[in-house]
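> any chance you can model this:
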Amino acid sequence: MTLTLSRIEALCFDVDGTLSDTDDVFVEKLSARLSVVGFLFPERNPRPFARRVVMATESPGNALYGLPDKLGIDDEIAALGDWFYRLGLGKTPKPFLLIPGVKEMLATLYEKYPLSVVSARGGKSTARFLEQFQLSGYFQCVATAQTCQYTKPYPDPILWAAEQMGVKPENCLMIGDTTVDIKAAHAAGAQSVGVLCGFGEKEELLEAGADLILEETAELGEVLAG
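Now for the predicted structure:
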């Protein structure tokens, strides 16, 4: 697929793996704790399992294909993610890590487009991340797991963000690192960019329908400038 630049009027950013690499820290800490029962995992490597756990707390739709939303427990699962952080699994000397070049990219794009956050993470941890790096001022609106009845991979948060930004959904560009982000964009009629600095792999992002793949989120600034 090919990104149509002339369609783009607003940008929607995922957080984990797209703006923040906190989940990589989370995975490593959870893997370390699971290493005491490493014999339970293939090749004594708990990291793949830890990755799936993190993805489940980041986006219930990705792990169970929307079942938590259908059961009305997506808010509880988002809260579970916050609870894991309070336990210390996601904590570092600085609670979150910013992917290199992201703040400079946002400052550049802010001058040209309305920006939004579209995350399936809980509201509290999303707000803490934005506050830590003083990013809140760049975003016109923030959609988290509690904002809409259904979260990604449903289109609802992108549709909501588009309305808040005063643009049509098809004129939004969703930027994210997992198939959940790409599927949500497709369902909303928006274009999408998959980034490889998070959990997603190129093949699966393309298969989900990504219009463009970037190695790093910060590369988007150059793409849209061109």
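
> every contact and neighbour count from this point should use C-alpha atoms.
OK.

> CA atoms only for stretch 167-185 - export them in CSV, please.
Provided in CSV are the C-alpha atoms of stretch 167-185 (Å, rounded to 0.1, in the frame of the first residue of the first chain):
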residue,chain,number,x,y,z
VAL,A,167,-11.6,16.5,10.5
LYS,A,168,-13.1,13.5,8.8
PRO,A,169,-11.9,10.1,9.9
GLU,A,170,-10.6,9.3,6.4
ASN,A,171,-8.3,12.3,6.6
CYS,A,172,-6.6,11.0,9.8
LEU,A,173,-3.3,9.2,9.9
MET,A,174,-3.0,6.6,12.7
ILE,A,175,0.6,5.9,13.8
GLY,A,176,1.2,2.8,15.8
ASP,A,177,3.4,-0.2,16.4
THR,A,178,0.9,-3.1,16.5
THR,A,179,-1.7,-4.7,14.3
VAL,A,180,-4.3,-3.3,16.7
ASP,A,181,-3.5,0.3,15.6
ILE,A,182,-3.5,-0.7,11.9
LYS,A,183,-6.8,-2.5,12.2
ALA,A,184,-8.5,0.3,14.1
ALA,A,185,-7.3,2.8,11.4
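
> buried ones in that stretch, by neighbour count?
167-185 (16 or more other Cα atoms under 10 Å).

> please apply the same query to stretch 95-111.
Quick answer for stretch 95-111 (16+ other Cα under 10 Å): 96-99, 102-103, 105-106, 109-110.

> need these in a markdown table with pLDDT, can you?
Shown next, in a markdown table, are the buried residues of stretch 95-111 (pLDDT from 0 to 100):
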| residue | pLDDT |
| --- | --- |
| 96 | 85 |
| 97 | 88 |
| 98 | 94 |
| 99 | 95 |
| 102 | 97 |
| 103 | 97 |
| 105 | 98 |
| 106 | 98 |
| 109 | 98 |
| 110 | 97 |
